[in-house]
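Participant: I need the structure of the sequence given here:
(4 chains)
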Number of protein chains: 2
Amino acid sequence: MSDGDINTKMAVFQEKCRQAGLKITPQRLAVYRALILSNEHPSADVLYRQLRRDFPSISLDTVNRTLLTLTQIGVAFVVEGSGQARRYDGNLENHQHFRCVNCGKVIDFHCEQFNDIPIPDDIEENFVVLRKTVYLEGLCQSCKSELNSQGAPRLNITK
Amino acid sequence: MSDGDINTKMAVFQEKCRQAGLKITPQRLAVYRALILSNEHPSADVLYRQLRRDFPSISLDTVNRTLLTLTQIGVAFVVEGSGQARRYDGNLENHQHFRCVNCGKVIDFHCEQFNDIPIPDDIEENFVVLRKTVYLEGLCQSCKSELNSQGAPRLNITK
DNA sequence: CTTACTGCAAACCATTTGCACGATC
DNA sequence: GATCGTGCAAATGGTTTGCAGTAAG
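Facilitator: Down below sits the predicted model:
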């Protein structure tokens, strides 16, 4: 990513913060910048260790809280299923999962078309693929109506 | 699932245990049975509470350890990313993730074809879909060669 | 009779919460 | 100056580990 791209993203981010009524703090900017500069889908801890170098007073809590905020204003998201208690599936037949971001339920669904998706050549050649699945995230039927009846839903991807 | 189906699965499971040199214990059978009877992708804790009803002496540790064993002999798997520290992604462009089950790294890849997958009607109608992604799991390039050079790899999906 | 499995307790790690101080608007 | 954000400390929840007793092969 070029310096220009980064500056643009930082500007957009600051604008989003203002729109959301969030204050622009050095910590917030630093966490967001570190996140978009990373391509390793970092955990809070990884970012924290990194940020501490340039920002010795930053705390892990702030990193955690800031990352949560970033997902809430829609400038970041949580990598598939991470941060949830480990869940097991004993059904080895080909199927897909939908996860409700509100209640955490994982619901099976089936779709022929999904099973037939080919794996890209560059992956097939250099990696060993053990599992392939389509993953959907959103609101399940009951959470959808629950949130509708409450008015403005505040979607919290990490819940 | 019919009683016949369950009995078949239990028999296959016992055979797999023997092949893997694992002892057939009442706890192991109970955990596996509870898992395949559940369609809610349970966590260890959920299974534990359920199992305790019929098996008051079972411990949460045994459930945890047994579930790990089940993934190792290939009769169960861990639901996408669950059980890992929460990881964040600040890249909102359409892309897919490959997760290495050995080192935990999450690697981005791109594939036009994946972006165009339609969401099944029954999901589209009853759920709110906020994110759609193809998720691959396996061994990355470096772990692949590392494990090759070590001889028989013992794949541990949860690591 | 040997080896592996289980249950318990303690340790560990990631995440959350309450609170007082400090910074932003 | 009011409100929100931060850092600290403690609490919580999930998972792992070491160990001694117990059960399976």
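
Participant: Which residue ranges make up each domain of chain A?
Facilitator: Taking automatic domain parsing as the criterion, chain A consists of the domains A:1-76, A:93-159.

Participant: do the helix or strand where residue A:125 lies and chain B meet?
Facilitator: Assigned by DSSP states H and E, residue A:125 falls within helix A:121-126. Yes - using C-beta under 8 Å from any C-beta of the partner chain, helix A:121-126 comes into contact with chain B via A:122-123, A:126. C-beta here means a position set from N, CA and C on the backbone, and glycine is covered the same way.

Participant: Run through the helices of chain A in chain order.
Facilitator: For chain A, the helices defined by DSSP state H cover A:3-19, A:26-37, A:44-54, A:60-72, A:112-115, A:121-126, A:141-149.

Participant: now for these, which one comes closest to residue B:85?
Facilitator: helix A:44-54 (6.8 Å; C-beta to C-beta).

Participant: Does the closest one reach DNA strand D?
Facilitator: No - on the criterion C-beta under 7 Å from any atom of the strand, helix A:44-54 is out of touch with DNA strand D, staying 9.2 Å away.

Participant: one step back: from the rest of the structure, what touches the helix holding residue A:125?
Facilitator: Contacts with helix A:121-126, where a contact means C-beta atoms under 8 Å, 6 or more residues apart in numbering or on different chains, come from A:129, B:98, B:109, B:136, B:141, B:144.

Participant: try stretch A:7-18
Facilitator: Outside stretch A:7-18, the residues within contact range by C-beta under 8 Å, 6+ apart are A:23-24, A:28-29, A:32-33, A:36, A:73-75.

Participant: residue ranges with poor pLDDT in chain A?
Facilitator: Applying pLDDT under 70 to chain A flags residues A:150-159.

Participant: got the residues of chain A near DNA strand C?
Facilitator: Counting by C-beta under 7 Å from any atom of the strand, the residues of chain A close to DNA strand C are A:23-26, A:43-45, A:60-61, A:64-65, A:68, A:82-83, A:158.

Participant: Can you flag the buried ones in those residues?
Facilitator: Among those, those buried by neighbour count (16 or more other C-beta atoms under 10 Å in any protein chain shown) are A:43-44, A:64, A:68, A:82-83, A:158.

Participant: And the residues you listed, which is closest to DNA strand D?
Facilitator: Using C-beta to the nearest atom of the strand, residue A:64 is the member of these that lies nearest DNA strand D, at 8.9 Å.

Participant: What's the separation between that closest one and residue A:32?
Facilitator: 14 Å (C-beta to C-beta, to the nearest Å).

Participant: now swap in residue A:69 and tell me
Facilitator: Applying C-beta to C-beta to residue A:69 and residue A:32 gives a distance of 9 Å.

Participant: which of those two has more neighbours?
Facilitator: Taking other C-beta atoms under 10 Å in any protein chain shown, residue A:69 and residue A:32 do not tie; residue A:32 has more neighbours (23 against 17).

Participant: Can you tell me how far that one is from residue B:19?
Facilitator: Taken as C-beta to C-beta, the span from residue A:32 to residue B:19 is 51 Å.

Participant: I'd assumed residue A:143 was in contact with residue A:100.
Facilitator: Yes - with contact defined as C-beta atoms under 8 Å, residue A:100 and residue A:143 form a contacting pair (5.5 Å).

Participant: neighbour-wise, which of those two wins?
Facilitator: Taking other C-beta under 10 Å, residue A:100 and residue A:143 do not tie; residue A:100 has more neighbours (22 against 19).

Participant: circling back to that earlier point, the domains of chain A: which one's closest to residue B:90?
Facilitator: domain A:1-76 (4.0 Å).

Participant: for that closest one, how far is the first residue from the last?
Facilitator: 17 Å (C-alpha to C-alpha, to the nearest Å).
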